[in-house]
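Novice: Any chance you could fold what I've pasted below:
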Amino acid sequence: MNWKTWLIVLVLLDFLALSGYAMTQVGYWGIWMAGLDNWGALQILVDLVIACCLIGTWMIIDARQRGLNPWPFVLITLVAGSIGPLLYLLKRQTSPRISAATAQ
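Specialist: Numbering: from 1, shown residues only. Below is the predicted model of the structure:
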């Protein structure tokens, strides 16, 4: 594995640990409800939703160009935020590039 793959794995594992700990403390809905506590928290929540939608769009386009199925990663993004894109980046790093024209 190259340094980019190791970096993605490190960030993913750290974020999974943080997410798991947060869920044990406040639960899945508690994480979402914290975004409604005040205007500052709501701004961060809305910003995260917008960013995840933009990243999801990029994942769909990029995966099609590479002959990969983007939908598992898009669904994970909808449910678990940045975990989806991090998993996609890991898959992208470890998969050979196959163009969409070649895959059909």
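Novice: And the helix or strand harbouring residue 21, what's buried?
Specialist: Assessed by DSSP states H and E, residue 21 sits inside helix 3-34. Within helix 3-34, the residues that count as buried by 16 or more other CB atoms under 10 Å are 8, 12, 19, 31. For glycine as for every other residue, the C-beta is placed from the backbone atoms N, C-alpha and C.
Novice: With stretch 78-90 instead?
Specialist: Applying 16+ other CB under 10 Å to stretch 78-90 flags 80, 81, 82, 83, 84, 85, 86, 87, 88, 89, 90 as buried.
Novice: And stretch 48-61, by the same measure?
Specialist: So for stretch 48-61, counting by 16+ other CB under 10 Å, buried means 52, 55, 56, 59.
Novice: Keeping just the C-alphas, turn it into CSV.
Specialist: Extracted C-alpha coordinates of stretch 48-61, given in CSV (Å, rounded to 0.1, in the frame of the first residue of the first chain):
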residue,chain,number,x,y,z
LEU,A,48,-22.2,18.9,6.2
VAL,A,49,-25.4,17.9,4.3
ILE,A,50,-24.5,20.2,1.4
ALA,A,51,-20.9,18.9,1.4
CYS,A,52,-22.0,15.2,1.5
CYS,A,53,-24.4,15.9,-1.4
LEU,A,54,-21.6,17.4,-3.5
ILE,A,55,-19.2,14.6,-2.6
GLY,A,56,-21.9,12.0,-3.4
THR,A,57,-22.4,13.6,-6.9
TRP,A,58,-18.6,13.4,-7.4
MET,A,59,-18.5,9.8,-6.3
ILE,A,60,-21.3,8.8,-8.8
ILE,A,61,-19.5,10.5,-11.7
